[in-house]
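Visitor: A structural model of the following input is requested.
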Amino acid sequence: MKLIKKFSEEESGAELAEYAVACAILVAVAIIVLQILGQAITNKMNDVASDIDAPPAAEAPADPAP
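Guide: Here you go, the predicted model:
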């Protein structure tokens, strides 16, 4: 009987459940943010890669050989 009373008075399980819920919410928010930023980062990297592959916009004319 004392064991049941002690178990019902103990709050560490409730605290653990609260931490688990808070952790789950943080993970969900992190996943959403990373998905949004991930697409933006991918787009920016593709833009940079295409700029690197593109020929220069204007080159100075080469000096004619004498």
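
Visitor: Now do the strand or helix carrying N46, average pLDDT.
Guide: Per DSSP states H and E: N46 is located in helix 12-53. Helix 12-53 comes out with an average pLDDT of 89.

Visitor: Quick check: I52 vs N43, distance?
Guide: 15 Å (Cβ to Cβ, to the nearest Å). Bear in mind the C-beta positions are built from the backbone N, C-alpha and C, glycine included.

Visitor: These two: who's more crowded?
Guide: Neighbour tally, I52 and N43, criterion other Cβ atoms under 10 Å: the higher count belongs to N43, 10 against 7.

Visitor: tally of neighbours for V29?
Guide: Around V29 there are 10 other residues, counting by other Cβ under 10 Å.

Visitor: going forward can the numbers begin at 31, since that is how I track them
Guide: Understood, numbering begins at 31; the last thing we discussed is V59.

Visitor: And it, how close does it get to V51?
Guide: Noted for V59: a distance of 13 Å to V51, by Cβ to Cβ.

Visitor: do the same with L67
Guide: To V51, L67 is 25 Å away according to Cβ to Cβ.

Visitor: for V57, same thing?
Guide: Distance of V57 to V51, computed by Cβ to Cβ: 11 Å.

Visitor: separation between N76 and E48?
Guide: For N76 relative to E48 (Cβ to Cβ), the value is 42 Å.

Visitor: tell me the SS of P85?
Guide: Secondary structure state of P85, per DSSP: H, G, I helix; E, B strand; the rest coil, is coil.

Visitor: So what's the residue count around it?
Guide: P85: 6 neighbours (other Cβ under 10 Å).

Visitor: need the contact list for it.
Guide: Contact analysis of P85 by Cβ atoms under 8 Å, 6 or more residues apart in numbering lists nothing.
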